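**Q** The following block contains a protein sequence and its predicted model.
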Amino acid sequence: MSDIILPELGEGIGEATVACWHMSIGDKVEQDDDIVEVVTDKASFNIPSPAAGIIKEICVDPGVTVQIGSVLARIEP
Amino acid sequence: MYVEDLGLIQYGHACQKQKQAVFEVLQGGEERIFLCEHSPVLTLGRSASRANLLASVDDFEKKGIEVVETDRGGDVTLHAPGQLVAYPILDLGRRGKDLHKYLFQLEQVGIDFLQRFDIVAVRVSGKTGVWVKNCKLIAIGVGVRKWVAYHGIGVNVRTDLGLFSLIRPCGLEEGVTSVEQCLGREVDMAQSKEILGNIFLDHFQSCGI
């Protein structure tokens, strides 16, 4: 299982808000596919999949703000 | 890095140009700054609230203003002829991978641009953009894919500011101004493009690798 983590987005940025999911549970993804978009201030940031697999779990709903390092989704090979 | 003038271009077409450019930069292609103007279009960023539209979508369309949801950060904004839009397609992966630093740099480009017209512009804490006497002159909203940035800034050079009464720009109550309004005289778009393009090149060629 691979976790999709909210990465470091810059100095002093401690959190970001999930804007939208490009994928749903059960979707097959390739490594580097854009999975989810998060926003901080006036920037929107696409987070790619770290691995190929199937989306097993989506952990954060759109509109919810989470800390850097939080797990956003889980992917099963 | 180079500047490309797209002229007056439909919003959706400019988005396609950016998408293609992001793809090329990710493949090792040259970074670039697109400059353009749009026909009237109201865009809703990823944090947009429809409460900030002060008329119905039908009303906008009757006035010939397209309404589009778009993949940039920020709330509602409006583009129209006379607004100089810059879309820098830049690899932030080579520039410290820092979204807020990039927004800060875009504000600096805007401040430097206005300084060339002897307009004193400032940042306002918590309200990303470039401000002149409590009115927003430059709006900012970016998107990032694999650390390549797209979307960018909208500079009201000679925009019909009456159009902004149809929205609450960026969800804020403050007014919007333009270079022409600040100066009380006509300002040439071609000259504005040349100045802005050169400031982008100066700024991002020197702090890239």
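**A** Perfect, thanks for sending it.

**Q** now chain B, which segments are flagged as low pLDDT?
**A** Scanning chain B for pLDDT under 70 picks out the ranges B:207-209.

**Q** so where's the longest helix in it?
**A** The longest helix of chain B (DSSP state H) is helix B:189-207.

**Q** got a list of contacts for it?
**A** When contacts are defined by Cβ atoms under 8 Å, 6 or more residues apart in numbering or on different chains, helix B:189-207 is touched by residues B:1, B:3, B:5, B:31, B:33, B:35, B:37, B:82, B:84, B:86, B:88, B:90, B:95, B:105, B:108-109, B:112-113, B:116, B:155, B:157-158, B:179. To be clear about C-beta, it is placed using only N, CA and C from the backbone, and glycine gets the same treatment.

**Q** for chain B, what are the nearby residues on chain A?
**A** For chain A, the contact set with chain B under Cβ under 8 Å from any Cβ of the partner chain comprises A:8-13, A:17, A:19-20, A:32, A:34, A:37, A:39-46, A:48.

**Q** Find the centremost residue of chain B, please.
**A** B:Ile153 (1.8 Å; Cα atoms, centre = their mean).

**Q** residue contacts, that residue?
**A** B:85-86, B:106, B:109-110, B:138-140.

**Q** so what's it bridging to?
**A** The partner list for B:Ile153 in beta bridges (DSSP bridges) reads B:Ala86, B:Ile140.

**Q** For chain B, give me its nearest residue in chain A.
**A** A:Gly10 (3.4 Å; Cβ to the nearest Cβ).

**Q** Can you give me the neighbour number for B:Ile33?
**A** 23 (other Cβ atoms under 10 Å in any protein chain shown).

**Q** swap that for B:Cys182, sorry
**A** 20.

**Q** about what we covered before: closest to chain A out of the contacts of B:Ile153?
**A** Of these, the one sitting nearest to chain A (Cβ to the nearest Cβ) turns out to be B:Ile140, at 5.1 Å.
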